[in-house]
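Visitor: Sequence isn't available, so here's the structure alone:
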């Protein structure tokens, strides 16, 4: 199934039924009086968040949703039946915007959370309603209230405990496939992952957390370069950030006195941090761990030097792993679990 994280839909609730004008006409019943019933209420358009949904793909195929109108009132004091409501099921983490104004109307962040997107119109009054001591035979009725019509834009923001960040080919997909049952595409070329994916990490009988693999970002992502905005918004929901930075030959040359004065991995880290801060300054304040990947490609001395440089320059926790051989992954998962607990207490 394709991952769809944005959709545009048109919704309209049901109009209320009209009130009925009727008088009782029966043999041997003189002056039966008014007996017109009220119209029924129109159906609502309701959105429900559910963990059973993972994308907005269904809403791409069906863009118009209409609730049923209420029935008109009838004689013999019969009220019209209410219109049937329409229920739209969306993934947890869906935000709803008014397409015309850009206003955020709802943020569905909990399972089974309900939100009435468009209320059905009230039914009109039958002439029975207007009967009084001074007006024994009213002919007045009212029509039902029209339903609401809206054009909505829906955005899905992944709900995860940990968000994996990094430039293309940093090892994010390899890591999430090594520690969870998620199976994103893994290859030795950039931009392998084109859609975000979720993986559940189990640390024991009662300990588990969710990791989101955010596709590789590039410089200029905060300005919309590549698919920057589309992927950066998924980071906003995460409680902890794991910033994956791959080790490589450029770092080895710098450590051994090569021509580069600054580590290539440190430059890439700072560039992506800059994009995060430009997109949302609050993201810069999230708990973060730096993960140096592909340790099997460089010497131990280089690893220690690069790790020490990152700790000195950033003041953050630094982990070193090689996901394919599961080296360092257990220690990293324990660190992430601890950081998630601390983030939840704040």
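Guide: Arrived safely, thanks for sending. Since the model is a prediction, treat every value here as computed from it, not as a measurement. Residues are numbered from 1 along each chain as shown.

Visitor: Show me what counts as buried in stretch 73-91.
Guide: 73-75, 77-80, 82-83, 85-86, 88, 90-91 (16 or more other CB atoms under 10 Å). All C-beta atoms are positioned from the backbone trio N, CA, C, and that covers glycine.

Visitor: swap that for stretch 157-170, sorry
Guide: Buried residues in stretch 157-170 (16+ other CB under 10 Å): 157-170.

Visitor: Kindly report the same for stretch 313-328.
Guide: Going through stretch 313-328 with 16+ other CB under 10 Å, the ones that come out buried are 314, 317-324, 328.

Visitor: And these, which two are furthest apart?
Guide: Using CB to CB, the pair of the buried residues of stretch 313-328 lying farthest apart is 314 and 324, separated by 25.8 Å.

Visitor: rewinding a little: any chance of TSV for the buried residues of stretch 157-170, columns pLDDT?
Guide: Formatted as TSV, the buried residues of stretch 157-170 follow (pLDDT from 0 to 100):
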residue	pLDDT
157	78
158	72
159	73
160	77
161	85
162	89
163	85
164	86
165	84
166	82
167	80
168	77
169	77
170	79
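
Visitor: Could I get those in TSV, plus columns for secondary structure and distance to residue 47?
Guide: Converted to TSV, the buried residues of stretch 157-170 look like this (DSSP: H, G, I helix; E, B strand; the rest coil; distance: CB to CB, whole Å):
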residue	secondary structure	distance to residue 47
157	coil	15
158	coil	18
159	coil	16
160	coil	21
161	coil	25
162	strand	27
163	strand	25
164	strand	29
165	strand	30
166	coil	34
167	coil	36
168	coil	35
169	coil	38
170	coil	36
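
Visitor: shaky segments in the stretch 101-250 of the chain?
Guide: For the stretch 101-250 of the chain, applying pLDDT under 70 flags the ranges 182-196, 205, 215-234, 248-250.

Visitor: hmm, try it at 50
Guide: For the stretch 101-250 of the chain, the stretches with pLDDT under 50 are 186-194, 220-229.

Visitor: where do the strands sit along the stretch 1-150 of the chain?
Guide: 6-12, 45-50, 64-66, 86-91, 94-98, 104-108, 114-118, 149-156 (DSSP state E, counting those that start in this stretch).

Visitor: would TSV of those strands with distance to residue 296 be doable?
Guide: Shown next, in TSV, are those (distance: least, CB to CB, whole Å):
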stretch	distance to residue 296
strand 6-12	39
strand 45-50	42
strand 64-66	52
strand 86-91	37
strand 94-98	40
strand 104-108	43
strand 114-118	49
strand 149-156	36
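
Visitor: mind giving me the domain ranges of this structure?
Guide: Domain ranges of the chain: 6-156, 162-345, per automatic domain parsing.

Visitor: any idea how far residue 50 is from the closest residue in space to residue 98 that isn't next to it in sequence?
Guide: Nearest residue to residue 98 in three dimensions, chain neighbours excluded: residue 105, at 5.7 Å (CB to CB, 6 or more residues apart in numbering). Distance, residue 105 to residue 50, by CB to CB, to the nearest Å: 19 Å.

Visitor: can you check residue 323 too?
Guide: For residue 323 relative to residue 50 (CB to CB), the value is 32 Å.

Visitor: and residue 117, how many neighbours?
Guide: If you count neighbours by other CB atoms under 10 Å, residue 117 ends up with 21.

Visitor: thinking again about what came up before, can you pick out the ones from the buried residues of stretch 313-328 that are in helices?
Guide: Among the buried residues of stretch 313-328, DSSP state H puts residue 314 in helices.

Visitor: what number of residues lie near the residue lying closest to residue 114 once chain neighbours are set aside?
Guide: Using CB to CB, 6+ apart and skipping the chain neighbours, the partner closest in space to residue 114 is residue 48 (5.4 Å). Look at residue 48: counted by other CB under 10 Å, it has 15 neighbours.

Visitor: How about the one 10 residues further on?
Guide: Here the neighbour count serves as a burial measure; for residue 58 (other CB under 10 Å) it reads 13.

Visitor: list the contacts for it?
Guide: residue 89 (CB atoms under 8 Å, 6 or more residues apart in numbering).

Visitor: and if you look at the one 10 residues further on?
Guide: With contacts defined as CB under 8 Å, 6+ apart, the neighbours of residue 68 are 14, 42-43, 83-86.

Visitor: contacts for stretch 122-131?
Guide: 16-22, 33-42, 70, 73, 77, 79-80, 82, 137-145.

Visitor: Now, of these, which are buried?
Guide: 16-22, 34-42, 70, 73, 77, 79-80, 82, 138, 141-145.

Visitor: And residue 272, how close does it get to residue 164?
Guide: Residue 272 is 12 Å from residue 164, where distance means CB to CB.

Visitor: let me redo that: residue 44
Guide: Residue 44 sits 39 Å away from residue 164, going by CB to CB.

Visitor: and what of residue 180?
Guide: Residue 180 is 11 Å from residue 164, by CB to CB.
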